Each structure stands twice: as C-alpha cells, then as structure tokens.
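Novice: fold the following, please.
(chains A and B)
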Amino acid sequence: MSASSARVDAPALFHYVLRLGDLALVLGQRLGEWVGHSPALEEDLGLANIALDMIGQARLLLTYAGEVEARGRGEDDLAFLREHGDYLNAILAEQPNGDFGHTIVRQVLIDAFQLELYERMTASADERLAAIAAKSVKEVRYHLRYSSGWLVRLGDGTEESHQRAQAAVDALWPYTVELFAEDELDRSMADQGIAPRLADVKVAWDRRLDAILAEATLKRPADRPHSWHGKRGQHSEHLGYILAEMQHLQRTYPGARW
Amino acid sequence: MSTFPMNTPMQDKRQWPLYEIFVRARGGLDHKHVGSLHAADATMAIEHARDLYTRRQEGISIWVVASKDITASDPAETDSLFEPARDKIYRHPTFYEIPDEVKTL
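Specialist: I've put the predicted structure just below:
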C-alpha cells in the first residue's frame, strides 16, 4: 500500500479503484469475445492486443484494490469470485459487441475517457494510482488511435458503414453520461487529489469526441439523463452473462491455476 | 530483362492489398523485412504491423511498402543474373594480409 492511501478512507479508495479496475476488466473480457471472429486476421490480433492491455490494467488495479481493502483478497479473488452487484464498472463497458461498428464506437468512447482520466491521474496524490496511470496512458493512447482511426473509416466510408456507425453512436451515447456523473465518491477522491475532477475530464473528452465525430462525418447525439448506476453496482443483464463465462472455471475448480 | 510486380495474381477486389513490413530492431541497425500483411492503406498497415510484428519488443521503427510497388527479379533469369558472379571470388576481400594490430575488420 502506498503511503498516501494510509491517510484516506480505505473503503472509499477500495471502491474507487474497483470502478477503474472493473471498467478495464469487463471491457477486456468483452473484446476477447472477438478472438477468432474478427473481420480480418489482422483485426483479430488488434482487438486481442487491446483486450490484453485491458486485462493487464485490471490486474494492476484489482491487485491494488485488494491491498487497500486489506482482507487478503488478491486480483483473482476480486476478478472471479465477486457477485453481479459487486462490480462497479460503468455499464457502457458491458454493452454487447454488436457489429464491428458497435465495438469500435464503444471502444472510442471508453478509450477517450480513459485517456483523459489517466493523463490527469499521473499527478495523483496516490503514488500507486499515479504509477498505474503512467503505465496505462501509453497503452490507451494507442487504443484511441486504433479505434478512432476505424471510426473515421466507417463513418466516412460507404453509405452502409456510415449508417451502421451512426446507429452505434446513437445506441451507445446514452451510456456515456454515467462515466461523468460525479457522485460523492468521485467528489471525495477529487477533493483529496487522488482522482481528477470528472467535470475536467468531461470537457477534454467532449473536445476529443467532437473532433473525431466531425472527421467521421457522424452526428453527436444529445446527452440524456440516465437511470442506471453501474458505478454503484446496478448493472444491465449483460453483465450476468459475462460473469457466467468469465467466472465459470474458478467457480467450478476453485483455486485452479495454470 | 523482364521484371515482376509482386503478387499481381493475388489482387482481389474483396481483399485488402498486401503490404511488406520492415522493422528496425535498434537504433543504428537497418530495417529488416519481417513479413507481410493485409491492410486497407499504409496507415492501417503500420498499425497492423505494430500489433503483429512488434508485440514482443522486436522493434523501434516500422516501414511499410505496398507489395505491388516492389519489383522483383525474374526467377527464370537467376542464372544469367547471378551465375556470372560465382567464378569471380577475387571480388571478396579475402586476399589481403590483415595486420595483427587490426582487431575489428
């Protein structure tokens, strides 16, 4: 545990780190579903690389969360042995892959969020989070380059690819609001200098998304209020299917290693 | 002498064009051909090459060249192109006496 986390409220920090770690874990698991099914061999490897980066970030974050919690739970316990309502990822991450366009749009939205968040978190008062952010930000910068490059190709491509990309943006946009909905936990982390202000992240994210969507000739939907709270453990049914697949092995053979 | 643009028979409208990938392993070394891949354009070829050929820290720089832009020598002319060099071993600098003091040559 880093020196600074001893001073802060450990349960609060634990939950905040889970939000970050679960976002990476669930998105990594989702992207992994593409392996063997991508439109081209090259994309199979591209998506799998991003999936592995996500799992790598999740490992760092969940390991740290386990240390902050100090109840002897490690990365595997947190990844594989929690229940549906214990996961604190924003529900955008658990949305189904859909067609390639859906996957790319979901990726752009989350990549841009992680990039703006991690860039600021490299200056976190929590040394461990600052170090994880510094490592992750390089990966995420590449992810956004990949995903936004594809979104521009699809949006500014054929009539059909444009129409499908716009449909994906329209379908997934409502879930972005939750990423920036600041609650008491987000506010307290920002007050302590552990996390950036979500309002600042949002301004930078907006600017980035506006530029990408304009280049992709796609329309930005209006923000609407939302009534789900994945960050508080209220998930869509999609997460249940993800967990069933992801946790199956550890639940069937507890403690299995390979 | 006839020459052959590479992969002309493989060009298929439904498939992305082929790119040849060159990776520089370290500063000071030259870019080495490592393989080929399909991509919609050169930018995408760089990204694919990054994922396919540098995922185990193989390189610090990537060049991509459309395979169709590479002109290759005709395999049928191997004899006339390369055979004449075979009996000119004096072109190898192996007949010089190297002074003992010269360590690296």
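Novice: for chain A, what are the nearby residues on chain B?
Specialist: Neighbours of chain A within chain B, by CB under 8 Å from any CB of the partner chain: B:16, B:37-40, B:43-44, B:47-48, B:50-52, B:55. To be clear about C-beta, it is placed using only N, CA and C from the backbone, and glycine gets the same treatment.
Novice: which SS state does B:Leu37 fall under?
Specialist: Three-state call for B:Leu37 (DSSP: H, G, I helix; E, B strand; the rest coil): strand.
Novice: I'd guessed it sits against B:Pro17; true?
Specialist: No: assessed by CB atoms under 8 Å, B:Leu37 is found out of contact with B:Pro17, at 10.2 Å.
Novice: so where's chain B uncertain?
Specialist: Along chain B, the parts satisfying pLDDT under 70 run over B:1-13, B:105.
Novice: OK, now which residue of the stretch 151-258 of chain A is nearest to chain B?
Specialist: Closest contact between the stretch 151-258 of chain A and chain B, by CB to the nearest CB, is at A:Arg153 (7.1 Å).
Novice: I'd assumed that residue was in a strand, is it?
Specialist: No: read with three-state DSSP, A:Arg153 is helix and lies in no strand.
Novice: what's the neighbour count on the closest residue to it other than its chain neighbours?
Specialist: Spatial nearest neighbour of A:Arg153, excluding adjacent residues (CB to CB, 6 or more residues apart in numbering or on different chains): B:Ala40 at 7.1 Å. The number of residues packed near B:Ala40 is 15, by other CB atoms under 10 Å in any protein chain shown.
Novice: and B:Ala40, which of the three is it?
Specialist: Applying three-state DSSP: B:Ala40 is coil.
Novice: local confidence estimate at the residue lying farthest from the centre of chain A?
Specialist: Using CA atoms, centre = their mean, the residue of chain A lying farthest from its centre is A:Glu159. It sits 30.0 Å away. The per-residue pLDDT reported for A:Glu159 equals 97.
Novice: OK, contacts around it?
Specialist: If a contact means CB atoms under 8 Å, 6 or more residues apart in numbering or on different chains, then A:Glu159 has no contacts.
Novice: how far away is it from A:Gln166?
Specialist: 11 Å (CB to CB, to the nearest Å).
Novice: do the same with A:Ala93
Specialist: Taken as CB to CB, the span from A:Ala93 to A:Gln166 is 22 Å.
Novice: same thing with A:Glu33?
Specialist: Distance from A:Glu33 to A:Gln166, counting by CB to CB: 23 Å.
Novice: and these two? Which one has more around it.
Specialist: Each of A:Glu33 and A:Gln166 has its neighbours counted (other CB under 10 Å); A:Gln166 has more, 20 against 15.
Novice: wait, that one sits on A:Gly155?
Specialist: Yes: A:Gln166 lies in contact with A:Gly155 (CB under 8 Å); the separation is 7.2 Å.
Novice: which residues are common contacts for these two?
Specialist: A:Leu218.
Novice: ok, A:Gly240 - contacts?
Specialist: Taking CB under 8 Å, 6+ apart as the definition, contacts of A:Gly240 comprise A:His84.
Novice: what is the mean pLDDT for whichever strand or helix holds it?
Specialist: A:Gly240 is part of helix A:238-252, with elements assigned from DSSP states H and E. The average pLDDT within helix A:238-252 is 94.
Novice: and it, what's buried?
Specialist: Using 16 or more other CB atoms under 10 Å in any protein chain shown as the test for burial, helix A:238-252 gives A:239, A:242-243, A:246.
Novice: can you confirm B:Ala49 is in a helix?
Specialist: Yes: according to three-state DSSP, B:Ala49 belongs to a helix.
Novice: so it is in contact with B:Val23, correct?
Specialist: Yes: with contact defined as CB under 8 Å, B:Ala49 reaches B:Val23; the gap is 7.4 Å.
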